[in-house]
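pasting the structure only:
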């Protein structure tokens, strides 16, 4: 019988899409810093989902990925998702979101995204939160899976998460 042990901690991050006219980058960074330390930001060039979100959030949307170098227990992914949904709800403008905060957890062996939507490859955690296995680590790199969102299939995002992985070995 294998010995049960506590899982390694992970690096918490958020991929944020926002309408800068209604929810500025400065406000986003401030909101993030109230909960997590801000260790870095990344502005990806490849963002096919911006068009999808523009229907609700307006045009000229921006995306930034934020992260904290502090390592968190895996359950923080649930708490972070609930927190992010609260920020989105408190920022509604005429019933529409002006910011979308997708929480994720980078681990040595995988990258996970929190979601409220069930699907065959998503596991229910609690409080309406599911986890989506987005990358697996294999052959010295994170690799996307058949169901990985197109935004996360880009080389620039894989490179970003590969560059953050050494933090997990502190």
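Thanks, I have it. These numbers were taken from a predicted model, which means no experiment stands behind them. Numbers count the residues shown, from 1 in each chain.

contacting residues for the spatially closest residue to residue 40 that is not a sequence neighbour?
Excluding the flanking residues, the one nearest residue 40 by CB to CB, 6 or more residues apart in numbering is residue 67, at 5.5 Å. Every C-beta, even on glycine, is put in place using the N, C-alpha and C of the backbone. Contacts of residue 67 were listed using CB atoms under 8 Å, 6 or more residues apart in numbering, and they are 11-14, 39-40, 106, 164.

bridging residues for residue 67?
residue 13, residue 40 (DSSP bridges).

quick one: contacts of the longest helix along the chain?
For the chain, the longest helix by residue count, based on DSSP state H, is helix 76-90. Residues from elsewhere that reach helix 76-90 (CB under 8 Å, 6+ apart): 10, 12, 14, 31, 35, 97, 99-105, 112, 114-116, 125-127, 129, 131.

show me which of the residues you listed are buried.
10, 12, 14, 31, 97, 99-105, 112, 114-115, 125, 129, 131 (16 or more other CB atoms under 10 Å).

and the helix or strand of the chain with the lowest mean pLDDT, how far out from the chain's middle?
Within the chain, no helix or strand scores below helix 49-57, which has a mean of 94 by mean pLDDT, DSSP states H and E. When distances are taken as CA atoms, centre = their mean, to the nearest Å, helix 49-57 is centred 17 Å away from the chain's centroid.

same check, this time on stretch 118-126
Using CA atoms, centre = their mean, the offset of stretch 118-126 from its chain centre is 16 Å.

ok, and what's touching that stretch?
Under CB under 8 Å, 6+ apart, the answer for stretch 118-126 is 77-78, 115, 130-133, 145, 147.

run the last query once more with 10 Å
Contact with stretch 118-126 is made by 74-75, 77-78, 81-82, 112-116, 128-134, 145-148, as judged by CB atoms under 10 Å, 6 or more residues apart in numbering.

correct me if wrong: residue 66 contacts residue 30.
No. Taking contacts as CB atoms under 10 Å, residue 66 lies outside contact range of residue 30: 11.4 Å.

which one's more surrounded, these two?
Remark: of residue 66 and residue 30, residue 66 carries more neighbours, 21 against 11, as counted by other CB atoms under 10 Å.
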